[in-house]
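**Q** Predicted model, plus sequence, below.
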Amino acid sequence: MNKTILITGGTGKLGQKFVEHFSEKKWTVIFTTTKQKKGADLLDKLNCSDNTSYRVVDLLAKNSISDLLNGLRSEGITVNHLVNNARNLDFLKTDSAGYSSRDNFMNEYLLDVVIPYELSIRLSEIQPEALESITNIGSQYGIVASNPNLYDNHTQSPIQYNVAKAALNHLTRELAVRLSEHKIRVNCIAYGGVEGRARSDFKDRYASLSPNGRMLEESEVAGPLDFLTSTGSSAVTGHTLIADGGWTIW
């Protein structure tokens, strides 16, 4: 059965794999991006069919969420599944000692916690009967603190990211309770480190600290999301599904 999924941050590392996966399933896929070129490039790269499109949105801008959802509504689009995945790597910057500025700390929290809250609530208000699931994209570092043995210094593990992801786990639980009356399931996925940009020495250190003995492969990231958007997970809500190769179990 064809479903419609809205994925924020669709041109990011994980977002691209999500867009690709659900496009191949022949779902109607709508993803957000802050840059028109990035959206167009992703469609070209994936050779997506007519069921996939993007919207250029700055989710931090005032009224951006209302504008996005009202625009979809005016097009007759009903969203069945929401994936809160937007990121901005600029907010992860620190000084040379690894300290985060107040602006970066607050902006990371805003994008990682407040925006998912606002988007989830607004969408559930507009179409409570159609929305089936909300999935927040989290991290292993929302569950445990960063391991200093993995990094050369604290600049490589910004504290604002970890704290925001921990808050996202609890937002998931709160939303699961508050939206249960509409039968909307809300879950989170705590991913471990994914291969791609990491140097070989970093990958070796990561492997020595993970029971799986390696980082996640890009081909593994869509599976947990596929499960949480399927009828097979109908009994799962308020849960943080940990997909980290065992990182958080020791």
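**A** In hand now; what should we look at?

**Q** Next one: residue 49, what pLDDT does it get?
**A** Predicted confidence (pLDDT) for residue 49: 68.

**Q** try residue 152
**A** 84.

**Q** and it, what element?
**A** Under the criterion DSSP states H and E, no helix or strand holds residue 152.

**Q** what sits against it?
**A** Not one residue lies near residue 152 by C-beta atoms under 8 Å, 6 or more residues apart in numbering. C-betas here are computed from N, CA, C, even on glycine.

**Q** low pLDDT regions in the protein?
**A** For the chain, the stretches flagged by pLDDT under 70 are 49.

**Q** Please report how far the spatially most central residue of it lies from residue 20.
**A** Closest residue to the average C-alpha location of the chain: residue 85 at 2.4 Å, with C-alpha atoms, centre = their mean. Noted for residue 85: a distance of 13 Å to residue 20, by C-beta to C-beta, to the nearest Å.

**Q** Give me the buried positions along the helix or strand that contains residue 206.
**A** Element membership of residue 206, judged by DSSP H and E, is helix 200-209. For helix 200-209, a neighbour-count test (16 or more other C-beta atoms under 10 Å) marks 202, 205, 206 as buried.

**Q** where along the chain do the helices fall?
**A** 13-24, 36-46, 64-74, 102-109, 115-126, 159-178, 200-209, 222-228 (DSSP state H).

**Q** Contact partners for the residue nearest to residue 115 when sequence neighbours are not counted?
**A** Once flanking residues are discounted, residue 115 sits nearest to residue 59: 5.0 Å by C-beta to C-beta, 6 or more residues apart in numbering. Residues near residue 59 by C-beta under 8 Å, 6+ apart: 8, 32, 65, 86, 111, 115, 119.

**Q** Apply 10 Å and report the result again.
**A** By C-beta atoms under 10 Å, 6 or more residues apart in numbering, the contact list for residue 59 reads 8-9, 32, 34, 65, 68, 84, 86, 88, 110-111, 114-116, 118-119.
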